[in-house]
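Novice: Coordinates only, no sequence provided:
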């Protein structure tokens, strides 16, 4: 299959600039994202061995533990480097596009869309990706779709202690006003969701019972700030454990969604097998 067409800055970012596999292991807030994503998904997944389609699964950070849990995982990603890395984790892999999946109708028990919505700036493209997820998941099956929180950059650049700089203020202000980053500096081209917006997009694709969770909760940027200033990991410390507890305690309060770095929407295709 040919390489899917992506904005060049996105391909460059994931091919040369960032090792996506290291992102979830290289910092305490990355570890927090991984731990929370695992526990939220495990809460909603059917029992193994169910068939899981990991769309935009990168180098297999989630496919790895899903395979270890006994799931039958197929990963689709548009980056060659990611597909080659994911193959080592025991899942089948495919170079592909979230907006045009090759999987047959109703062929998976679970569809994960944990990365594509970040980089589909056009609402129509995000809708195509979600309706493709709807098409390939079985009736009664689960979809989980992730978004970057609209306000994440505000917290992150405060933690990095450079939000007071005019260039950063202008960049973050642009994201807050438009929900978009053009990818010309720092992070690549991206779209930033509000919680209710992500829920609406998932519902518009046809899914029922949709609920949005704050992945890292309201204290993730404290982990980032401490590591930034001390140069030492706080993973495994009381501070990390408290941030994890805060994320769990925040779940019943939708007003706290705005403080998380990532959002996770979970819904089901109506019907049953």
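Specialist: Yes, it's here. From a predicted model like this one, the values you see are computed outputs, not experimental measurements.

Novice: so who does residue 94 touch?
Specialist: 1, 74-76, 83, 102 (C-beta atoms under 8 Å, 6 or more residues apart in numbering). Glycine gets a C-beta too; all of them are placed from N, C-alpha and C.

Novice: how about the strands in the stretch 101-250 of the chain?
Specialist: 108-113, 137-149, 180-181, 190-193, 208-214 (DSSP state E, counting those that start in this stretch).

Novice: partner strands of the second one, parallel or antiparallel?
Specialist: Looking back up the chat, that one is strand 137-149. strand 108-113 (parallel), strand 190-193 (parallel), strand 262-268 (antiparallel) (DSSP bridges).

Novice: which of those strands sits most buried?
Specialist: strand 108-113 (a mean of 25; mean count of other C-beta atoms under 10 Å).

Novice: And the contacts of that one?
Specialist: 41, 45-46, 50-57, 62, 71, 74, 98, 129-130, 133, 136-138, 141-146.

Novice: Could you give the bridge partners of residue 211?
Specialist: As assigned using DSSP bridges, the partners bridged with residue 211 are residue 266.

Novice: what about it, distance to residue 127?
Specialist: Distance of residue 211 to residue 127, given as C-beta to C-beta, to the nearest Å: 20 Å.

Novice: Read off the pLDDT value for the residue located most distally from the centre of the chain.
Specialist: Using C-alpha atoms, centre = their mean, the residue of the chain lying farthest from its centre is residue 166. It sits 29.1 Å away. Note on residue 166: pLDDT of 95.

Novice: Which residues are in contact with it?
Specialist: Applying C-beta under 8 Å, 6+ apart, no residues qualify as near residue 166.

Novice: Over to residue 231?
Specialist: Residue 231 neighbours (C-beta under 8 Å, 6+ apart): none.

Novice: Just the pLDDT for it.
Specialist: Predicted confidence (pLDDT) for residue 231: 95.

Novice: measure it to residue 240 for me?
Specialist: 16 Å.

Novice: So which residues make contact with stretch 204-211?
Specialist: With C-beta under 8 Å, 6+ apart, stretch 204-211 has contacts from 127, 130-131, 133-134, 143, 199, 202-203, 265-270.

Novice: Show me the shaky parts of the stretch 151-273 of the chain.
Specialist: Scanning the stretch 151-273 of the chain with the threshold set as pLDDT under 70 gives 273.

Novice: hey, where'd the helices end up in it?
Specialist: 152-159, 166-178, 195-204, 220-230, 238-250 (DSSP state H, counting those that start in this stretch).

Novice: which residues touch stretch 253-264?
Specialist: With C-beta under 8 Å, 6+ apart, stretch 253-264 has contacts from 29, 33, 37, 40, 114, 144-152, 155-156, 193-195, 198, 212-218, 220-221, 247, 250.

Novice: Next: stretch 35-46.
Specialist: With C-beta under 8 Å, 6+ apart as the test, stretch 35-46 has contacts from 52, 62, 65, 69, 71, 109-110, 112, 114, 141-142, 144, 146, 213, 215-217, 244, 247, 262, 264, 266.

Novice: again, 7 Å this time
Specialist: Contacts to stretch 35-46, defined as C-beta atoms under 7 Å, 6 or more residues apart in numbering, come from residues 62, 65, 109-110, 142, 144, 213, 215-216, 244, 247, 264, 266.

Novice: following the longest helix along the chain, which helix or strand comes up?
Specialist: Longest helix of the chain, by residue count under DSSP state H: helix 28-44. Downstream of helix 28-44, the first helix or strand assigned by DSSP states H and E is strand 51-55.

Novice: Tell me the neighbouring strands of that following strand, and mark each as parallel or antiparallel.
Specialist: As defined by DSSP bridges, the strand partners of strand 51-55 come to strand 72-77 (parallel), strand 108-113 (parallel).

Novice: Check which residues of the first one are buried.
Specialist: Spelled out, that is strand 72-77. Residues 72-77 are the ones in strand 72-77 that count as buried (16 or more other C-beta atoms under 10 Å).
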